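>>> 3D model of this:
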Amino acid sequence: MNFSQAYKDELHKAIETIDLAKVHQAIDWLSETRANGRTVFVAGNGGSAATASHFVCDMLKGASYQRDSRFRILSLNDNMPTLTAYANDVGYDVAYAEQLKNFAQPGDLYIAISGSGNSPNVVKAMEAANAMECRTIALTGRDGGVLATLAQLNLNAPVQHMGRIEDAHMIICHMIGYYFMETGDK
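Numbers count the residues shown, from 1 in each chain. A predicted model of the protein is given here:
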């Protein structure tokens with residue numbers, strides 16, 4: 001068997017671990033957040049930051065364009081000047097939590113994406129979001145890490161390979177985004 005086939009086979013196994021009931025719970029929470037005029041905040045690091053940015057793009061354009069009901073959604077990892085200012089002057093571990101303290105309000109939604117579930121900046125932001133009475137969702141891998149214990153809803157891909165964890169997270173984000181794009185949920 002070649003590498004590509006082996007990767008594909010293992011990816012299929014990772015996809016099978018996705019808890020669809022939890023994906024539907026996340027969809028419900030996003031729908032409620034939008035209906036209540038609340039804001040969704042998303043954050044990650046590295047590949048997870050790219051997933052966060054991609055998800056926000058899908059929700060801002062694909063799930064909102066030319067619709068009566070639109071998503072208020074921001075990626076906390078996309079404001080590079082703010083991110084680097086906190087990283088340089090205070091510490092990278094607080095860069096997302098401090099942004100939430102400026103913008104988040106009770107009833108908003110924070111989504112943390114971390115393959116390990118242990119990234120200090122997304123964990124501290126999860127703690128801040130919980131303290132501010134936001135709803136919280138984590139997309140994690142492996143054993144879920146610290147985020148699994150802090151999030152009100154944890155969507156976990158319990159595999160060890162970071163690439164397949166990130167693949168599963170992108171699939172979850174597409175399940176959510178395309179639900180709003182294709183079902184007519186306005």
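>>> Next, Ala112: phi, psi?
When read as degrees, to the nearest 10, the backbone of Ala112 gives phi -100, psi 130.
>>> residues in contact with it?
42-44, 119, 122-123, 125-126, 136-139, 147, 151 (Cβ atoms under 8 Å, 6 or more residues apart in numbering). C-betas here are computed from N, CA, C, even on glycine.
>>> mind running it again at 10 Å?
41-45, 48, 52, 76, 96, 119, 121-123, 125-126, 129, 136-140, 147, 150-151, 154 (Cβ atoms under 10 Å, 6 or more residues apart in numbering).
>>> With Ala43 instead?
Counting by Cβ under 10 Å, 6+ apart, Ala43 has contacts 49, 52-53, 56, 74-78, 83, 95-97, 99-100, 110-114, 119, 121-122, 125-126, 129.
>>> Same check on Glu32?
38, 107, 109, 135.
>>> Mark which of those are buried, thanks.
Buried members of these, counted by 16 or more other Cβ atoms under 10 Å: 38, 109, 135.
>>> What pLDDT does the model give the closest residue to the last one other than its chain neighbours?
Okay, so that is Arg135. Closest residue to Arg135 in three dimensions, ignoring its sequence neighbours and counting by Cβ to Cβ, 6 or more residues apart in numbering: Leu109, at 4.7 Å. Per-residue pLDDT puts Leu109 at 99.
>>> Same check on Ile171?
We have a pLDDT of 98 for Ile171.
>>> now swap in the one 4 residues further on and tell me
Reported pLDDT at Met175 in the predicted model: 98.
>>> for Asp185, same thing?
Per-residue pLDDT puts Asp185 at 71.
>>> where along the chain do the strands fall?
39-44, 72-75, 109-114, 135-141, 153-157 (DSSP state E).
>>> right, so those strands: which one is the most enclosed?
Of those, the one with the most neighbours on average (mean count of other Cβ atoms under 10 Å) is strand 109-114, at a mean of 30.
>>> Sheet-wise, list the partners of it with their directions.
Strand 109-114 sits in its sheet next to strand 39-44 (parallel), strand 135-141 (parallel), going by DSSP bridges.
>>> now the angle between strand 153-157 and that strand, please.
Between strand 109-114 and strand 153-157, the angle comes out at 20 degrees (axes from the mean of the first three to the mean of the last three Cα atoms, to 10 degrees).
>>> okay, strand 109-114 in PDB with CA atoms only?
Extracted as PDB, the C-alpha positions of strand 109-114 are listed here (Å, rounded to 0.1, in the frame of the first residue of the first chain):
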ATOM      1  CA  LEU A 109     -20.100  32.200  21.400                       C
ATOM      2  CA  TYR A 110     -16.400  31.300  21.600                       C
ATOM      3  CA  ILE A 111     -15.100  28.500  19.400                       C
ATOM      4  CA  ALA A 112     -11.500  27.300  20.200                       C
ATOM      5  CA  ILE A 113      -9.700  25.100  17.700                       C
ATOM      6  CA  SER A 114      -6.700  23.200  19.000                       C
END
